[in-house]
Structure formats: C-alpha cells, structure tokens
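> this one's sequence-less:
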C-alpha cells in the first residue's frame, strides 16, 4: 500500500526531514527583500529629516 501511495506523490514522514537548497534560497531572497525595503524607507526618512532643518543652518 505504501508503494502505491509513494507512486502517486504522497510522501511518508521519514522522507521530509530537512530544508532543501530551494527553501533556503527562498528564505534568503525574502530576507534580502525585507532589508532592501527597510533600508530604502529609512533612507527616505533620514533624507527628509536632514532636509527639514537644512535651511536653518548658517553657512559661512
């Protein structure tokens, strides 16, 4: 019976033990995307912060 289940695509519990390289790659891409978006948003906010008081600075 297990042979028939395996033939149609079902896996037994002992076959699903670890993450594959594809799963790690998807995780790395997701983390990189979160970092890029976060740094971009932080950069925009920091730029707005400095531009808000730039006209008030005395230059020479």
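Right, received. Where do you want to start? Every value quoted in this text rests on a predicted model; they were computed, and no experiment measured them.

> make it CA atoms for all contacts and neighbour counts henceforth
Will do.

> Pull the distance from the strand or helix carrying residue 30 to the chain's centre.
Following DSSP states H and E, one finds residue 30 within helix 21-53. Chain-centre distance of helix 21-53: 9 Å, with C-alpha atoms, centre = their mean, to the nearest Å.

> State the mean pLDDT of it.
Taken as a whole, helix 21-53 carries a mean pLDDT of 94.

> what comes up buried for that helix?
By 16 or more other C-alpha atoms under 10 Å, helix 21-53 has no buried positions at all.

> How much space separates residue 24 from residue 33?
Going from residue 24 to residue 33 by C-alpha to C-alpha, to the nearest Å gives 14 Å.

> now swap in residue 42 and tell me
With C-alpha to C-alpha as the criterion, residue 42 and residue 33 are 14 Å apart.

> And residue 44, by the same measure?
Noted for residue 44: a distance of 17 Å to residue 33, by C-alpha to C-alpha.

> cool, and residue 25?
Distance, residue 25 to residue 33, using C-alpha to C-alpha: 12 Å.

> Need the phi and psi values for residue 19.
When read as degrees, to the nearest 10, the backbone of residue 19 gives phi -80, psi 140.

> separation between it and residue 26?
Applying C-alpha to C-alpha, the value for residue 19 to residue 26 is 11 Å.

> Same check on residue 18?
In terms of C-alpha to C-alpha, residue 18 sits 15 Å off from residue 26.

> and if you look at residue 46?
For residue 46, the distance to residue 26 (C-alpha to C-alpha) stands at 30 Å.

> Kindly report the same for residue 42.
For residue 42, the distance to residue 26 - C-alpha to C-alpha - is 24 Å.

> before we move on, what about residue 40?
21 Å.

> just residue 39 next, same as before
20 Å.

> And residue 35, by the same measure?
Where residue 26 is concerned, residue 35 sits at a distance of 14 Å (C-alpha to C-alpha).

> Also residue 53?
According to C-alpha to C-alpha, residue 53 and residue 26 sit 42 Å apart.

> and if you look at residue 8?
Counting by C-alpha to C-alpha, the separation of residue 8 from residue 26 is 26 Å.
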